[in-house]
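J.: sequence and predicted model, in that order:
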Number of protein chains: 2
Amino acid sequence: MSAGDVRIGQPAATLETPALVIDVDALERNIAQMAAYARKHRLRLRPHAKTHKCSAIAKLQADAGAVGVCVQKVSEAEALVAAGVPDIFITNEVVDPVKLRRVAELAGRVRLGIAVDSGLGVLGLANALRDVGTMVDVFVEIDVGQGRCGIAPVAAGALAHQVVSNGLRLAGLQAYHGRAQHLRAPAEREAAIHHAVRVARAAQASISAAGLVCPLVTGAGTGTFIHEAESGLYGELQAGSYVFMDRDYADNEPASTSPRFEHALFVKAQVMSRGVAHAVIDAGHKSHALDSGPPRVWQRHLDYQNGGDEHGILRIRAGAPAESLPDLGAAVWLVPGHCDPTVNLHDRYVVVRGGLDDGVVEAVWPIEARGCVQ
Amino acid sequence: MSAGDVRIGQPAATLETPALVIDVDALERNIAQMAAYARKHRLRLRPHAKTHKCSAIAKLQADAGAVGVCVQKVSEAEALVAAGVPDIFITNEVVDPVKLRRVAELAGRVRLGIAVDSGLGVLGLANALRDVGTMVDVFVEIDVGQGRCGIAPVAAGALAHQVVSNGLRLAGLQAYHGRAQHLRAPAEREAAIHHAVRVARAAQASISAAGLVCPLVTGAGTGTFIHEAESGLYGELQAGSYVFMDRDYADNEPASTSPRFEHALFVKAQVMSRGVAHAVIDAGHKSHALDSGPPRVWQRHLDYQNGGDEHGILRIRAGAPAESLPDLGAAVWLVPGHCDPTVNLHDRYVVVRGGLDDGVVEAVWPIEARGCVQ
């Protein structure tokens, strides 16, 4: 529950704080940029909705050409399906029989994909689909350098064979390299994805050797998608954070060939206590996630210091004038360090057009999959 | 929204994951311990509900003798009042006129307190209360060492005078030392609170010199409350985390005179991918907060490594046998690093009696103030 009323047409300057605000002009440009990039490279775009968890944004992405969205959890898929999203890929493993039953039921309502990385997962999925009488797209996940989920490439053929021999539809390889996204130097990210491509080619070869066809290699994120796109191997991009561009992604040194994205997600906060050399705002880590570092204070010479669950402490950046410290009651806009878990703290977006300080509220979008961890 | 059905009487072993679970036997013992401690020291106990955000737990605390609860935000107070909590202290500053209007309206429904640390805050509060025709308990917040909100002790008299001259009820001093709570050594925590007590005495003297009476000094947290209790100055304890005891508080070296609290809050997770030397569980930092470090894996020889929003990576602790690594599908219980922001990620508690592995679901408690940051 978020308290405080928001009216359509209300000036953003009068919004109660803390509020999760979208600069919709920037959002639309980001969505258009990525769609144009995918079109130009003749690639499918399936943005990751774990970033935004919101059917309104999924629809904007689909209208711009996206084939569907990705999610991480079954309950995220359920929430977005209930809100009208028609094509979803759960880029993650599910082994629990109760959850697999939910997957099978959901597959009766929309086009659904899911990842597998174990024989147990394949068997459970096959049982659930058989019981319910539905079908999903099955992607074999390979570990392309993340060291988390996914099998070794040499094992891909055997698992793909298990998929097919259990009557399931082999849709391709899930080949996402999460850790590569935030390597700061372009050359490091490029090297990591070159490695991922080699691994994915080996997995393809293993699937071919098993006498099967791998229809698609899918993966990529906002930090690396240009390298997957240029590989000639990946057929689908899963980048998600580009819609919002958080502080952590903006801290990456950009590659020369990359489209540029703008910050489109902000937390509006207010100074509610003021010292001589510091100001305290009403937004702490219950308003924005700190897992990827602190938020950036937008267009001010201020550094943000963690002040606990409900407070942020602002100090003047070295060399900036003393009047940079905002007064009691002043509004301050934060660029979250990490957009995905920040969004997950809020029930809705306040959608502002015309800029943060001068704009007005155009819409309020519910974050339907907020809190959907199951 | 949390998906997955939970039935009363369901074995905890069959709960869908990730789930936020209370070991209610441990919770009850923690509540009884703290209540007994406050009674023995003839102190008021007003536990901080920013920890649990839940009227059912507030009621258990009140039944054990608590005079009411604390919260940090107006919307938290609104949510708990709507759920029947009758006495709330907002231990935080509010300067926005719209929010102050909400404070004044809420004060017409329950006994309400609030903190101030500025003349602007006092004036705004007085205006709102005059408009609505209600009254609140006003606490002057002093900075006792945290370096966040609160005024210097020498300024307490002048601000208290402003409170009274604006027709408001001066209820006392808010004197909470947040940073002291997690100093690891008992002597460090004791020294920090000795400093806080000196500051609070100076503030009391300033209020006396202004010709006013300070009825109460309130503050303290789970890490330090024995020192505030032994000070002879504090009349009310605000500790909150003792109900759950997270990993970070348990990492404090305990003082010899402190009651011992048990872990009562857990995240149940499941192994959904398994490597040779690591297991991946379905709970990442969208299921539990990382701001105070990683969760502890409960009663297993495993270390938790951050695997992103929706994954945790488990590895065998050095020296433990290889069979310590759980199998695919196994349940794992996590003790969150920090309970407050972990709770804020979930819509409900699953309340289990009889232990985590063998117990059954006794209740499901809504977390009414989840997400209430305004």
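T.: Right, received. Where do you want to start?
J.: contacts and neighbour counts: CA atoms only from here.
T.: OK.
J.: how about residues contacting the biggest strand by length in chain A?
T.: Scanning chain A for the strand with the most residues, using DSSP state E, yields strand A:265-274. Residues outside strand A:265-274 that contact it (C-alpha atoms under 8 Å, 6 or more residues apart in numbering or on different chains): A:17-23, A:244-246, A:279-283, A:287-288, A:326-336, A:339, B:93-95, B:117-118, B:149-150.
J.: which ones among these lie within strands?
T.: A:19-23, A:279-281, A:331-335.
J.: and those residues as TSV, adding distance to A:Pro294 and neighbour count?
T.: Shown next, in TSV, are those (distance: C-alpha to C-alpha, whole Å; neighbours: other C-alpha atoms under 10 Å in any protein chain shown):
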residue	distance to A:Pro294	neighbour count
A:Ala19	17	23
A:Leu20	16	24
A:Val21	18	23
A:Ile22	19	25
A:Asp23	20	22
A:Ala279	16	25
A:Val280	15	28
A:Ile281	14	30
A:Ala331	18	20
A:Val332	15	23
A:Trp333	13	23
A:Leu334	9	23
A:Val335	9	24
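J.: of all these, which comes closest to A:Val217?
T.: When these are ranked by distance to A:Val217 (C-alpha to C-alpha), A:Ile22 comes first, at 32.1 Å.
J.: what's near enough to touch that closest one?
T.: A:Ala264, A:Leu265, A:Phe266, A:Tyr349, A:Val350, A:Val351, A:Val352.
J.: any chance of TSV for the residues you listed, columns pLDDT and distance to A:Trp365?
T.: Shown next, in TSV, are the contacts of A:Ile22 (pLDDT from 0 to 100; distance: C-alpha to C-alpha, whole Å):
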residue	pLDDT	distance to A:Trp365
A:Ala264	98	14
A:Leu265	98	13
A:Phe266	98	15
A:Tyr349	98	5
A:Val350	98	7
A:Val351	98	7
A:Val352	98	11
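J.: got a ChimeraX select line for the buried ones in the residues you listed?
T.: In ChimeraX, a selection of the buried entries from the contacts of A:Ile22 looks like this (16 or more other C-alpha atoms under 10 Å in any protein chain shown):
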select /A:264,265,266,349,350,351,352
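J.: ends of stretch A:317-328, how far apart?
T.: Taking C-alpha to C-alpha, to the nearest Å, the first and last residues of stretch A:317-328 lie 18 Å apart.
J.: same question for stretch A:217-226.
T.: Terminal residues of stretch A:217-226 lie 15 Å apart, using C-alpha to C-alpha.
J.: what does stretch A:201-210 rub up against?
T.: Here stretch A:201-210 makes contact (C-alpha under 8 Å, 6+ apart) with A:142, A:152-158, A:160-161, A:213-214, A:233.
J.: how about 10 Å then?
T.: Here stretch A:201-210 makes contact (C-alpha atoms under 10 Å, 6 or more residues apart in numbering or on different chains) with A:140-144, A:151-161, A:172-173, A:175, A:195-200, A:211-217, A:233.
J.: which of these fall in strands?
T.: Counting by DSSP E, the members of the contacts of stretch A:201-210 that fall within strands are A:Val140, A:Glu141, A:Gly172, A:Leu173, A:Val217.
J.: nearest to B:Ala255, of those residues?
T.: Nearest to B:Ala255 among these, with distances taken as C-alpha to C-alpha, is A:Glu141, at 49.8 Å.
J.: burial of A:Thr14, as a residue count?
T.: Neighbour count for A:Thr14, taken as other C-alpha atoms under 10 Å in any protein chain shown: 12.
J.: hmm, A:Gly329 and it touching each other?
T.: No: using C-alpha atoms under 10 Å, A:Thr14 is not in contact with A:Gly329, being 11.6 Å away.
J.: against A:Ala128, how distant is the nearest residue to A:Gly119 once chain neighbours are set aside?
T.: In this structure, A:Gly119 finds its nearest non-sequential neighbour in A:Leu159, 6.7 Å apart by C-alpha to C-alpha, 6 or more residues apart in numbering or on different chains. Separation of A:Leu159 from A:Ala128 (C-alpha to C-alpha): 18 Å.
J.: tell me where chain A has helices.
T.: For chain A, applying DSSP state H gives helices covering A:24-40, A:55-63, A:74-82, A:97-106, A:119-132, A:156-165, A:186-209, A:225-230, A:247-250, A:339-343.
J.: mind checking which of those is nearest B:Ala185?
T.: Among the helices of chain A, helix A:339-343 sits nearest to B:Ala185 (C-alpha to C-alpha), with 32.8 Å.
J.: so which other helices or strands are in contact with that closest one?
T.: helix A:247-250, strand A:265-274 (3 or more C-alpha pairs under 10 Å, 6 or more residues apart in numbering or on different chains; DSSP states H and E).
J.: please identify the most buried of those.
T.: Most buried of these, by mean neighbour count (mean count of other C-alpha atoms under 10 Å in any protein chain shown): strand A:265-274, with a mean of 27.
J.: quick one: strands adjacent to it?
T.: strand A:19-23 (antiparallel), strand A:279-281 (antiparallel), strand A:331-335 (antiparallel) (DSSP bridges).
J.: what's the residue closest to the geometric middle of chain A?
T.: For chain A, A:Thr51 is the residue whose C-alpha lies nearest the centre (C-alpha atoms, centre = their mean; 2.9 Å).
J.: my guess is it contacts A:Phe244. True?
T.: Yes: taking C-alpha under 10 Å as the definition, A:Thr51 is a contact partner of A:Phe244 at 8.4 Å.
J.: between the two, what contacts are shared?
T.: By C-alpha under 10 Å, 6+ apart, A:Thr51 and A:Phe244 have these common neighbours: A:His338, A:Cys339, A:Asp340.
J.: buried ones only from these, please, as a PyMOL command.
T.: Filtering the shared contacts of A:Thr51 and A:Phe244 down to the buried ones (16+ other C-alpha under 10 Å) takes a single PyMOL command:
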select buried, chain A and resi 338+339+340
